[in-house]
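Enquirer: I would like to see how this sequence folds:
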Amino acid sequence: MDKYRITLTAEERVGLEQLASTGKAAARKLTHARILLLADTHGEDLSDEEITGALSTSLRTVARVRQRFVTQGLLAAIDRKSQPLRPDRIKIKGDLEQRLVQLACSDPPQGRCHWTLQLLADEMVVLGLIDAVSTETVRKALKKTTSSPGSLRLGASRPRQTPSTSGGWKT
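Expert: As a prediction, this is how the structure comes out:
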């Protein structure tokens with residue numbers, strides 16, 4: 001027994017048949033329309049296994065389309081579900097990045113010989129510059145800065161001159 005039974009009206013069925021027959025839409029949209037047509041109780045009323053065999057899709061897709069049609073309607077069942085908003089990828093930028101570099105170049109807390117990423121992240125939260133930040137975010141922000149104390153070139157360390165081993169002439 002199916003949990004969600006699909007009963008299409010005449011207009012919905014005509015619209016879905018027209019959409020499926022023209023084939024001028026996204027593949028997912030066409031597949032969902034065909035699932036609804038095959039699952040309609042007025043039509044052939046196939047089981048989910050028969051629908052998956054006919055359309056080469058998964059049982060979960062058929063169940064999800066049935067559920068969305070019954071709970072949210074035709075457009076939600078056919079159209080693609082919108083993706084949730086993603087958080088901003090770069091949390092530390094602009095003035096906040098400048099404050100982080102100033103903090104990293106300042107003297108470390110008492111009892112420490114240098115700043116660690118965890119100390120920098122915790123200090124930014126304590127100062128109220130940001131609500132929460134991970135050590136990886138702090139690392140990425142510091143990595144993209146071009147400052148390197150004690151070096152004229154970009155990078156972590158200055159290459160040292162190696163003595164010549166060729167035994168050449170000295171002048």
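Enquirer: Pull the contacting residues for residue 90.
Expert: Contacts were defined as Cβ atoms under 8 Å, 6 or more residues apart in numbering; by that measure residue 90 touches no other residue. Backbone N, C-alpha and C define where each C-beta goes, glycine included.
Enquirer: now the helices for this structure?
Expert: Taking DSSP state H to define them, one finds helices in the chain at 10-22, 27-39, 48-55, 59-72, 74-78, 95-105, 117-126, 135-143.
Enquirer: got CSV for those helices, with mean pLDDT, distance to residue 87 and mean neighbour count too?
Expert: Shown next, in CSV, are those (pLDDT from 0 to 100; distance: least, Cβ to Cβ, whole Å; neighbours: other Cβ atoms under 10 Å):
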stretch, mean pLDDT, distance to residue 87, mean neighbour count
helix 10-22, 90, 35, 14
helix 27-39, 90, 26, 20
helix 48-55, 88, 36, 16
helix 59-72, 91, 26, 17
helix 74-78, 90, 25, 17
helix 95-105, 89, 15, 15
helix 117-126, 92, 17, 16
helix 135-143, 88, 11, 16
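Enquirer: can you redo the ones you listed as CSV with distance to residue 3?
Expert: Formatted as CSV, the helices of the chain follow (distance: least, Cβ to Cβ, whole Å):
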stretch, distance to residue 3
helix 10-22, 20
helix 27-39, 12
helix 48-55, 10
helix 59-72, 8
helix 74-78, 15
helix 95-105, 50
helix 117-126, 47
helix 135-143, 43
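Enquirer: And those: which comes nearest residue 89?
Expert: In this view, the helices of the chain are compared for proximity to residue 89 by Cβ to Cβ, and helix 135-143 is the closest at 9.9 Å.
Enquirer: domains in this protein, as residue ranges please.
Expert: Structural domains assigned to the chain are 10-78, 95-143, following automatic domain parsing.
Enquirer: export those to a markdown table and tack on distance to residue 84?
Expert: What follows is those, written out as a markdown table (distance: least, Cβ to Cβ, whole Å):
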| stretch | distance to residue 84 |
| --- | --- |
| domain 10-78 | 15 |
| domain 95-143 | 19 |
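Enquirer: Relative to residue 4, tell me which of those domains wins on proximity.
Expert: Among the domains of the chain, the nearest to residue 4 by Cβ to Cβ is domain 10-78 (4.1 Å).
Enquirer: Start and end of that closest one, how far apart?
Expert: 17 Å (Cα to Cα, to the nearest Å).
Enquirer: Next: stretch 114-132.
Expert: For stretch 114-132, the first-to-last residue distance is 22 Å (Cα to Cα).
Enquirer: Check stretch 51-69 too.
Expert: One end of stretch 51-69 to the other measures 16 Å (Cα to Cα).
Enquirer: do the same with stretch 129-140
Expert: 17 Å.
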